[in-house]
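Peer 1: Provide a 3D model corresponding to the input given below.
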Amino acid sequence: METTFSYTIHTPENIEAEKKYPVIFALHGIGYNEHDILALVENLKNEFILIGIRGHLPHEKGYAYYYLKGYGNPDRELFDKSMNMLQEFIEDVSSKYPIDLEQRYLMGFSQGAVLSLSLALVLGQPIKGVVAMNGYIPSFIKEEFPVKPINHMSIFLSDGEYDEIFPPQIGQENYDYLAERTDSVLYTTYPAGHEISEDNQRDLVKWLSENAISGGRESFTPEVHGALATRAYEATFMAGQPALAPMRFSALNFCGQPWEPQQAEYDGGTTLTLWHHDLYYGNRVGARFSFADQYMGLVGQPSRE
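Peer 2: Next up, the predicted model:
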């Protein structure tokens, strides 16, 4: 089979005949290559099939999937061509290797994150989850492309708090847009620039591993900068009230200090979004859950009194 991209693939060492494996399609940032992005998930090589896709365009010492007219302003002809090529690549490679078609993940940094988010919205059902680091969703994807339902999808978003290229407000816009379309969105910022910190890497590896094993909506409890944040939330709602009801939250075991969300957003129905701003590290986490859900490792469901 002739593919549209050069790529590097890692399969589990003791691969089992007839078994299908989850896959991560990894997309690097502009000026990098597939080995850089694959290095982030090396510890998953016996759980997943790992496929690093090299951009087909040369850029400095590395590669790109499209060129830029300016930050946040892709060359549309090249961007659209890459979108089509990547969709074809994903389908072609999925039929060549023992890939579980219900467990296909996209992962990307910077330009790779832009494409991962865009592909997830355009492909919809074939993608189970996305890890997008320091990227954004182009407005033309939202306005011009045929965006598919993603309510089944789990998404891990992360940004650098000091990222001057894509500052956290862009990540917030990503979160707001995606959280309207799926309940399973985790957004975290790290005390870093336009880069992937060790803490970010550790959290994304854990999220991918637990998402693929569990289905993703109950088990993930991220470790925040070396400390296991045990998140035990208890929320009390006033049934039938159209405003945010009284709530109480408890969370222990974050560096020996109480760990509590400082902001809550209520949609007027049964969905609550909690925001935590860590004063020690500048970390920001947004998590959404409802009466019917435990979400992303948040232990305890909202309950009525």
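
Peer 1: where does residue 25 fall, helix, sheet strand or coil?
Peer 2: At residue 25 the chain is in strand, as set by DSSP: H, G, I helix; E, B strand; the rest coil.

Peer 1: With residue 194 instead?
Peer 2: From three-state DSSP, the assignment for residue 194 is coil.

Peer 1: And it, how far from residue 159?
Peer 2: Look at residue 194 and residue 159: by Cβ to Cβ, to the nearest Å, they are 9 Å apart. From N, CA and C alone the C-beta is placed, and that goes for glycine too.

Peer 1: Identify the contacts common to those two.
Peer 2: Shared contacts of residue 194 and residue 159 (Cβ atoms under 8 Å, 6 or more residues apart in numbering): 134, 166.

Peer 1: same question for the helix or strand containing residue 91, mean pLDDT?
Peer 2: Per DSSP states H and E, residue 91 falls inside helix 76-96. Averaging pLDDT along helix 76-96 gives 97.

Peer 1: Now that helix - C-alpha only, CSV.
Peer 2: What follows is helix 76-96 as a C-alpha-only set of coordinates in CSV (Å, rounded to 0.1, in the frame of the first residue of the first chain):
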residue,chain,number,x,y,z
ARG,A,76,-5.9,27.4,3.3
GLU,A,77,-5.0,25.5,0.2
LEU,A,78,-2.2,23.6,2.0
PHE,A,79,-4.3,23.2,5.2
ASP,A,80,-7.3,21.8,3.3
LYS,A,81,-5.0,19.4,1.3
SER,A,82,-3.4,18.1,4.5
MET,A,83,-6.9,17.5,6.1
ASN,A,84,-7.9,15.4,3.1
MET,A,85,-4.6,13.6,3.0
LEU,A,86,-4.7,12.8,6.8
GLN,A,87,-8.2,11.5,6.5
GLU,A,88,-7.2,9.1,3.7
PHE,A,89,-4.0,8.1,5.7
ILE,A,90,-6.0,7.2,8.8
GLU,A,91,-8.4,5.0,6.9
ASP,A,92,-5.7,3.3,4.8
VAL,A,93,-3.4,2.6,7.8
SER,A,94,-6.4,1.4,9.9
SER,A,95,-7.0,-1.4,7.5
LYS,A,96,-3.3,-2.4,7.3
